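Q: got a structure for you, letters missing:
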């Protein structure tokens, strides 16, 4: 498939200038390069602006409920662990409604790529404060300013046991495509936090804000050092937003510890009536 | 023989349930029918546990309110159950405990045995006094010690030390009763020539075994009473049979994981109780909207909220029928005994895949946790039916293609065919769409499945008893056993047992109600929920209701009393 083959007949519905365009383009680029297609890849998505992505990419997808793309992806991966599985989610989706799934996905280390479209706002519902909105942020739900501390998803995922953490700005399409490939190739759960400006509702985290304040961790940074990674996830501010692969270690994936799916994927075993005569004897 | 009730009670954490199950197995292996019922609080240690077994020479699938043989390991058992002992009954109590016999009827014979001392003298510990009690009971009921010894040998096969002690303890208990209480011996468990070896299973085990037999490949289940035992059985069998059991972080995840696995082509299920199903309701509708097959077992217990965690109720039927916003086709089955549980669970997997929609198997604590001795399940006639599955890779495929029966072809994620499943209203291809015409078409297509199912798969409900009757009982689920037993005294009573709640057998039920002289609706809830369902579907209002919502199952004695009132 080349990039055009990934297009669906649907007209894109994101606002002009939306950070999601960068994610869409980078994903198609990565897909073309890696040969992701309907025999080897499945996407899940939650609800929010990010979820529309599945209407615009011609790869088998499941658009589920708000906050739930991760458990659906878990089920897909367990049923067929030979597939590349991407769970697209937003900051409200992954960190508010689906916070519990996010934490447990991190400790479970399934070989899934979780892509967080982080616009630090509820955009589809026309602009309320999200778990990523900074303190003091004024929105329809916090007219007096946000009085809660924002969540840092990479710090949270690291604490919960995730094995791959990356952060990237949606406008840097080349880098984003590279990171998506690296995340998918990672052996275990990968979390990619994409800094995605919402040009309509988020007046703080604009394209210019990110362009001016992000910096690449660079080749001297050791992503296998957990303490250093924690320090990096603590950084956030003017000129102080680290991007790149912040953490990567190799740990056994959930799937490779399940003996039943060593020889073949679960679904490739076939759905057959089973003989339970011997088991019934144990109940005599 | 008249059904005989054995009961053993003591402090939680002292092996009462395992002793009770051992007794049920003894009954079954001695050639009798066994049905047991367990009462316990929602704590691990210190509460009061009691397990009772009904012994009969025919099928009797219910507990009774009276007790013929009570084993009391502590005073609380006496306080709670002494009044159940009538004429000719026996009380066996631990003489080592300071147990008062004040409350015991004069017509009851008391057998005090120093259970703890005997266990200790034979080299065992306090938990082994259960074995002493069972062995002594066996002696007093005319049973054979070898039956108990065989069960013990099987159970402790891998622990020779404990096995040896238990066998010594069993011998001592049996001998003690033989020496000191010979006069009290009666013939209840004299070995009968059974035609076939029976299995002793409860509803949870029947569900798990049915799922395994039906080719289930993926189960995500969060623990919750009364269905946790399903996951215990599945977790153990997964490697041997090549399926996956996954413990998720919550019930929301459980149903979403099952949906994801099903989307990828695995036969999938989840199980929970009413409270867990509250969390699953959004996923329930998601399965309906995305047309993803999933089997959901819901075990009812006393609610609302945490309610009565370890007690039975039938208060969730209307909830299950209406859970989730808006409308989608849900199939709801409600089996009434372990055999129906096994076969309806197997059927549920075929129905879910054929109709590409969620199927609920609705059970309750009484059904989930009561064991019954039954013939090993015979499912030779079962065929796995996956419905309209496409195995070839298709260039053009529509997951929600319109069809007369409401069922579209089904391709699996990752099979090479491009599939879109969507929780938004969608086009036939699966893309989000909010046009009125598309909405109408997709809604009609989905809801059509119910009519197709009613026509192609729904059996006629069963009616027990004579065709013409003076009193006609309508009931559902686990009430079946108690009602059938109560009917033994009334040749002029019949009983309609409903096992399909959605789709609903409207015409059959309406004609049954029309023919009936006096109707009695029996349900384990406050407002008569299935009575209301019957009214909704048929227009008939059943005048007499016998409703129970105290956490206890129905007993045949109380049903008989209700029948008498109407005759």
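A: Everything's here; your move. Small disclaimer: the values here were computed from a predicted structure and weren't measured.
Q: What parts of the stretch 1-150 of chain A come near chain B?
A: A:8-10, A:38-42, A:44, A:47, A:52, A:54-55, A:58-65, A:68, A:71-80, A:82-83, A:100-101, A:103-104 (CB under 8 Å from any CB of the partner chain). (Each C-beta comes from the backbone N, C-alpha and C, glycine too.)
Q: among those residues, which are in strands?
A: Counted as lying in strands by DSSP state E, out of the residues of the stretch 1-150 of chain A next to chain B, are A:41, A:42, A:44, A:61, A:62, A:63.
Q: Let me see the contact set for the third one.
A: In this case it means residue A:44. Contact analysis of residue A:44 by CB atoms under 8 Å, 6 or more residues apart in numbering or on different chains lists A:61-64, A:69-70, A:72-73, A:76, A:85-88, B:260.
Q: now the last one
A: For residue A:63, the contacting residues are A:44-47, A:51, A:54-55, B:420-424, B:432, by CB under 8 Å, 6+ apart.
Q: out of these, which one sits closest to residue B:39?
A: residue B:423 (42.5 Å; CB to CB).
Q: and the gap between residue B:60 and chain A?
A: With distances taken as CB to the nearest CB, to the nearest Å, residue B:60 is found 19 Å from chain A.
Q: Phi and psi next, for that residue.
A: With angles defined as degrees, to the nearest 10, residue B:60 sits at phi -130, psi 100.
Q: Surely it is in contact with residue B:482?
A: No: using CB atoms under 8 Å as the test, residue B:60 is too far from residue B:482 to be in contact (9.8 Å).
Q: Sort out for me which of the contacts of residue A:63 are in helices.
A: Among the contacts of residue A:63, the members found in helices (DSSP state H) are A:54, A:55.
Q: Which of the contacts of residue A:63 has the largest number of neighbours?
A: residue A:44 (34 neighbours; other CB atoms under 10 Å in any protein chain shown).
Q: Provide the partner residues of that one in its beta bridges.
A: For residue A:44, the beta-bridge partners are residue A:62, residue A:87 (DSSP bridges).
Q: From the chain's centroid, how far away is stretch B:150-157?
A: Relative to the centre of its chain, stretch B:150-157 is centred 26 Å away, using CA atoms, centre = their mean, to the nearest Å.
Q: Pull out the buried residues from it.
A: Neighbour-count burial for stretch B:150-157, counted by 16 or more other CB atoms under 10 Å in any protein chain shown, picks out B:151, B:152, B:156.
Q: Switch these over to a markdown table; also include distance to residue B:392.
A: Rendered in a markdown table, the data for these read as follows (distance: CB to CB, whole Å):
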| residue | distance to residue B:392 |
| --- | --- |
| B:151 | 53 |
| B:152 | 56 |
| B:156 | 54 |
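Q: Make JSON lines out of the residues you listed and add pLDDT, secondary structure and distance to chain A.
A: Below are those laid out as JSON lines (pLDDT from 0 to 100; DSSP: H, G, I helix; E, B strand; the rest coil; distance: CB to the nearest CB, whole Å):
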{"residue": "B:151", "pLDDT": "97", "secondary structure": "helix", "distance to chain A": "10"}
{"residue": "B:152", "pLDDT": "97", "secondary structure": "helix", "distance to chain A": "15"}
{"residue": "B:156", "pLDDT": "95", "secondary structure": "coil", "distance to chain A": "15"}
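Q: Quick check: which helices or strands does the helix or strand hosting residue B:34 pack against?
A: Assessed by DSSP states H and E, residue B:34 sits inside strand B:33-39. Packing partners of strand B:33-39 (3 or more CB pairs under 8 Å, 6 or more residues apart in numbering or on different chains; DSSP states H and E): helix B:16-29, strand B:48-56, strand B:371-374.
Q: Make CSV out of these and add mean neighbour count and distance to residue B:539.
A: Listed next are the helices and strands packed on strand B:33-39 as CSV, based on neighbours: other CB atoms under 10 Å in any protein chain shown; distance: least, CB to CB, whole Å:
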stretch, mean neighbour count, distance to residue B:539
helix B:16-29, 23, 44
strand B:48-56, 25, 39
strand B:371-374, 26, 37
